[in-house]
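> Give the three-dimensional model of this entry:
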Amino acid sequence: MPDGSGAGDYARGNGADDGAGYGAAMPSQHTFGDQLRTWRQRRRMSQLDLASEAGISTRHLSFVETGRASPSREMVLQLAEHLELPLREQNAFLVAAGFAPRFGERTFDDPDLAAARSAVDMVLKGHQPNPALAIDRRWTLINANDAALRLMAGIAPSLLAPPANVLRASLHPDGLAARIVNLNEWRAHIFARLERQIDTTADAVLIDLLGELRAYPGGGVHAPPLRDGAPVVTPLRLRAERGVLSFLSVTTVFGMPQDVTLDELAIESFFPADGGTAAALAQLNA
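Modelled structure (predicted):
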């Protein structure tokens, strides 16, 4: 995560079958039938389940999976919808079936995304004095407000070089890890989020990132079991000059995006979890 000099800069990169494990990436060289079967298994759906939801016969779905029948473009999109595929994966689905991608993908500084950039800027600035970050699907930092940048001070420069990954910068021993009071609990929270993302996307980059984060010191520790009176959400408790600050995180995404970049864009907002944190942030902002 960057220091204050990076504020406002945008990144340029930017019978039921057994279900596939979240740690298995989707192979890049697959026929459409192979991809369909793999995604169906990842969603823990039988051929009967998917065929019933998509309004086609189980026999025809079986023929498509084995390559004995070719799907229409409409059927590919219909199956993708019922498999709840993200836009990037829907494009790959179409290409595997021999069709052109449906959704465009631009860098975030593309002129066509000017309105989206403006909206992100307004959300980040409007969130002051609370920290907020704009990230992509792989947790690459796109932008951050001043409150977030202040809390990132002290992170090793090697972790701040673009494209900076906010999870790596947070959990790396040279990052925020030394300042996170509930580090094991926060790690377990991050691991659970990544596992859910991987289950949804089969993204090989996220799979590698999860393996890297788990290898950091203490990375294999899981959160303690829930007990009576436990918080309803996992807070981030961060040691700062003004004492321990406690935050609740909220994720915001674009509604009904028709572009891969916007589909993968999210804003991570951090709200004070107690009155002391709210007062400290107000003083910092002043």
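
> drop to CA atoms for contacts and neighbour counts, all remaining ones
Noted.

> all helices for the stretch 1-150 of the chain, in order.
32-42, 47-54, 58-66, 73-82, 87-96, 114-126, 146-151 (DSSP state H, counting those that start in this stretch).

> Nearest to Phe271, out of those helices?
helix 146-151 (11.3 Å; CA to CA).

> what number of residues lie near the closest residue to Pro257 other than its chain neighbours?
Spatial nearest neighbour of Pro257, excluding adjacent residues (CA to CA, 6 or more residues apart in numbering): Asp263 at 5.4 Å. Neighbourhood size, Asp263 [other CA atoms under 10 Å]: 20.

> contacting residues for Asp263?
Asp263 makes contacts with 86-87, 253-254, 257, as judged by CA atoms under 8 Å, 6 or more residues apart in numbering.

> Keep only those of the residues you listed that are in strands.
Val253 (DSSP state E).

> Would you list the buried entries among the contacts of Asp263?
Leu87 (16 or more other CA atoms under 10 Å).

> Could you check the pLDDT of the residue nearest to Pro257?
Looking at Asp263, its pLDDT is 97.

> quick one: it from Val166, how far?
Plainly put, Asp263 is 19 Å away from Val166 if you go by CA to CA, to the nearest Å.

> How about Ser46?
Using CA to CA, we find Ser46 at a distance of 37 Å from Val166.

> Who has more neighbours out of these two?
Val166 (23 against 18).

> measure the residue nearest to Pro257 to Thr201 for me?
In terms of CA to CA, Asp263 sits 12 Å off from Thr201.

> and for the two, which residues touch both?
Pro86.

> neighbours around Pro217, how many?
By the criterion of other CA under 10 Å, Pro217 has 13 neighbours.

> nope, Ala148 is what I was after
Neighbours around Ala148, by other CA under 10 Å: 24.

> Now do the closest residue to it other than its chain neighbours against Glu264, distance only.
Take Ala148 and drop its neighbours on the chain: the residue closest to it by CA to CA, 6+ apart is Pro131, 4.1 Å away. Per CA to CA, Pro131 is found 20 Å from Glu264.

> One more: Pro86?
Pro86 is 8 Å from Glu264, by CA to CA.
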